[in-house]
Structures are given as C-alpha cells and as structure tokens.
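In: Sequence below, structure please.
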Amino acid sequence: MKLIKYGYESFIFIIALIVISSNAHLSPESTRVIFHQNNEFETIRIHNNSANEVYGLEAWTESSNSDEPENSLKNSVNNKFVISPKFTLDSPGEDVVLHITKLPDVKLPEDRESLFYITLQEVPQRSVVNQLTGRKQNIQNALQLAIRTKIKLIYRPEKIKQINPEEIKKQFSATIYNDTMVITNTSSSLINAINLYPQSQLKKLLFDDVLKKRYQGLLNTPVILKPFSNTVIPVEKNSHINSDKIHLAYINDNGKINLFSVRIKKEKQSFVFKPMFK
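Out: Numbers count the residues shown, from 1 in each chain. I've put the predicted structure just below:
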C-alpha cells in the first residue's frame, strides 16, 4: 500500500490548470472518461464554443503522477492508449468526437482502477478577422497561446462496478493524529474527493452549497484517493471534528457530486506510516 501525502504547495499546478481551462475555446462534454475493460473503445465529445472561428485540436494521453495523482506525470505521453483522430479541426459551434482505444498488448491491473489523463490542446489561429475591413489578416508576429485542458481517463476492470455510496463507505476509514488525517481506502475504486465535511455541517449542507463552496470543508482543493492506499491530509487544529464520522463529497461517473460518511478514530501519538497492503 502506498502512502500519498498532500500539502498546500502541491496544489498550485491544479489551480493554474483550472484558470487556463476556463479560457479554452474548445471544451469537453465531461471531466472524465471511464474506459470499461470489455469495450473496444470509448468516446468523448469536444465542443467549439466560438461562433465564428475554426480551431485545431490535438489530443493524447498521459500517465498520472503516482505521488500526486491529481497531476499527470511530466513528459509522460504513454503508449497504453491511442486517441483518434490525433489532430482534427473543430468548426464554430460544432462538436468533434474523439475515440480512445487501449492497445491490445497492454496489460493493466484487474483488481483496481487505473488513472490516466487525456490532454486536449487547442492549435492557435494563424489569422483573425479585421473588424474594420471584414478581411482576414495574418497574426504570425503576434503572441499565441496553445491552451491545454486535461481530463481524467479511468480504466475500470470488468469486475469493478460503479461506486455505490452505501457500499463504498464500508471500505473507507479516517484516523486523526494531532494535525494530520489519514484516509484509508481499502476498495478497488479510485475516488475523486472534492471535500470533507464534519458531522456538524451535514444538516445544513446541500449539493448546491458544495458546488458554490459556501462551506470551506477540510480540503483546500480536491484530492484523488487511490485504491488500496493511505492518503495523508493536513488538518487545522480548529477544524472542530467532534463526532465519530465525517462526510466525503466526491464526483461520480456522471460528473455529479455524491456524499458518503467515513468513520473516524483519533490517536494521541504521532503518525507513523505502516504499509497495510501489498
């Protein structure tokens, strides 16, 4: 079982990525693609938000960073999946469909989900329309930005089913050591946790409040809880965790937010990591 640590400094890249993605002209229909083992391929639709301009789109897959799974591994274009077309043009207001295929000789774990990333890169315009003349003019000497968007690609083996909140909560636990919380995931599922909420907030907590961040929660930014892993999260001393459980908000297969409770135990001694799984 691998230990994953999270500190505030490790989230700077994620914040920057969100800012960049929000300015993209091309947007994916979802934030994740679930690749089912028995399927020959999966698809994702990309929409051109521009009303007037054609944009080029280049796509490829990357491995996730095992120590910080919210990020892809730098310079890790992987050879496990192929996206077609690799390059295409997206017309104004239209969609293009990308096909993701796993290479036949690639073997991935069958006892757990595996995480990868799909990178979508816009190809900058080489000309723009002059608003005064109505004619196109070259912008070869102008600064152009190639905007990238990353979405999750989750490989799901046949025997692993979609998460059921009532079932999955039995395979999670949390232990608090002073200012450190350790979340243990004994399941085969990969959980995209967006926040943790004390029991005291449950009665007034709504999904809309989670989306609008009306309640701070215990996480500064979303984290990935990998299968068969301990995840270490800093906890402020004034978090007021006075009950025997917290509530974990996560994003499901459809990109919607669900909640399930996680039991807590508190330890007085300092945290010492001990592997629990092979």
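
In: Show me the shaky parts of this protein.
Out: Where the chain drops to pLDDT under 70, the residues are 1-23, 125-145, 201-216, 236-240, 269-278.

In: Now do the helices in it.
Out: With DSSP state H as the criterion, the chain has helices at 12-22, 165-168, 207-211.

In: My read is that residue 228 contacts residue 190, right?
Out: No: Residue 228 is beyond contact range of residue 190, at 10.4 Å (criterion: Cβ atoms under 8 Å). Glycine gets a C-beta too; all of them are placed from N, C-alpha and C.

In: Need the overlap of contacts for these two.
Out: Common contact partners of residue 228 and residue 190 (Cβ atoms under 8 Å, 6 or more residues apart in numbering): residue 112.

In: So if I had to pick from the two, which one is more boxed in?
Out: residue 190 (23 against 18; other Cβ atoms under 10 Å).

In: How much space separates the residue lying closest to the more buried one once chain neighbours are set aside from residue 107?
Out: With sequence-adjacent residues excluded and distances taken as Cβ to Cβ, 6 or more residues apart in numbering, residue 190 is closest to residue 113, at 4.3 Å. When distance is defined by Cβ to Cβ, to the nearest Å, residue 113 is 15 Å away from residue 107.

In: More neighbours: those two, which one.
Out: A count of neighbours by other Cβ under 10 Å puts residue 113 above the other of residue 113 and residue 107, at 21 against 6.

In: quick one, what contacts the more buried one?
Out: With the criterion set at Cβ under 8 Å, 6+ apart, residue 113 makes contact with 154, 155, 156, 157, 160, 188, 189, 190, 227.

In: For the last one, what are phi and psi?
Out: Right, residue 227. Torsion angles at residue 227 (phi, psi; degrees, to the nearest 10) stand at phi -60, psi 140.

In: number of nearby residues for residue 253?
Out: Using other Cβ under 10 Å, the number of residues around residue 253 comes to 13.

In: Got phi/psi on it?
Out: phi -60, psi -30.

In: which residues touch stretch 163-179?
Out: Contacts to stretch 163-179, defined as Cβ under 8 Å, 6+ apart, come from residues 181-187, 189, 191, 225, 234-237, 241, 246, 248, 250, 252-253, 258-267, 269-271.

In: Please list only the buried members of those residues.
Out: Neighbour-count burial (16 or more other Cβ atoms under 10 Å) applied to the contacts of stretch 163-179 gives 181-185, 187, 189, 191, 225, 235, 241, 246, 248, 250, 259-262, 264, 271.

In: Distance check, residue 163 against residue 260.
Out: Distance, residue 163 to residue 260, using Cβ to Cβ: 9 Å.

In: Name the residues contacting each of those two.
Out: Shared contacts of residue 163 and residue 260 (Cβ under 8 Å, 6+ apart): residue 250.

In: so who does the closest residue to residue 192 other than its chain neighbours touch?
Out: Using Cβ to Cβ, 6+ apart and skipping residues adjacent in sequence, the residue nearest residue 192 is residue 251, 4.6 Å away. Residue 251 makes contact with 31, 32, 192, 194, 222, 257, 258 under the criterion Cβ under 8 Å, 6+ apart.

In: And residue 252, by the same measure?
Out: Contact partners of residue 252, counting by Cβ under 8 Å, 6+ apart, are 162, 163, 258.
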